[in-house]
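Trainee: what follows is a predicted protein model with its sequence.
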Amino acid sequence: MSGVARGNASTRWGRWWQDWRFHLSALAVIAPCIAFPAFLHQARMFTGEAGLGAREAGVLQVGPYALRLAEFNTFEPMDAGIAGPRKVFTLALCQGCEDSIRAVHLRIGKPRSLRAAGSLFSGVPERLSADLPVPDSARPDDGLWVTVEEWNGNSHKAQMPLEQASPATFAWLARKQETTK
């Protein structure tokens, strides 16, 4: 007798299982192999090997510092339940300026003061990230404001148009504004 012993299942389901269990186990090995390239792409995005993010917005001059800003993904803001809609941005500090920068903040709309500067970027200087809440009062013509705080107490602000920083967020806010009129 050749092959694998079939067993002695008495039900139809049992016989089917005994005949096909080998093929199903092969599928359990093959399915992760199919999903592996997508996993590797996500891993490269999180480690920074694939660049700052899905779409680089450009270089923003904030005082004496040239910062590279990017969207982590090109989707519209994700609804985070009670926290509201949120969007992730990444940033790279200029070479040699990491020792003089204490903190970098991000906000939609001009900050009133340093205390209201917005989300704090965190991470390594070559790849900082911030989870930005999109307020209900945000409008498409509001800019994306970056505030740099230095160790000596100075602070610098700069604005990038939201359409340039995140076209998906700009379009999402425009649609949201149209529906509220």
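Mentor: Perfect, thanks for sending it.

Trainee: can you pull up the most central residue in the protein?
Mentor: residue 72 (3.6 Å; CA atoms, centre = their mean).

Trainee: between the two ends of stretch 119-134, what distance do you get?
Mentor: End-to-end distance for stretch 119-134: 11 Å, by CA to CA, to the nearest Å.

Trainee: also stretch 123-135?
Mentor: By CA to CA, the extent of stretch 123-135 from end to end equals 24 Å.

Trainee: these two touch, right, the residue nearest to the centre of the chain and residue 51?
Mentor: No - Residue 72 sits out of contact with residue 51 when judged by CB atoms under 8 Å, with a separation of 10.5 Å. Any C-beta I mention is one placed from the backbone N, CA and C, and that applies to glycine too.

Trainee: shared neighbours of the two, anything?
Mentor: Common contacts of residue 72 and residue 51 (CB atoms under 8 Å, 6 or more residues apart in numbering): none found.

Trainee: and the pLDDT at the residue nearest to the centre of the chain?
Mentor: Per-residue pLDDT puts residue 72 at 89.

Trainee: part of a strand, is residue 82?
Mentor: No - counting by DSSP: H, G, I helix; E, B strand; the rest coil, residue 82 is not part of a strand but helix.

Trainee: show me where the chain has its strands.
Mentor: 55-62, 65-71, 78-79, 85-92, 101-108, 119-120, 122-124, 127-133, 143-150, 155-161 (DSSP state E).

Trainee: quick one, the first one and strand 143-150 angle?
Mentor: Looking back up the chat, that one is strand 55-62. Counting by axes from the mean of the first three to the mean of the last three CA atoms, to 10 degrees, strand 55-62 lies at 50 degrees to strand 143-150.
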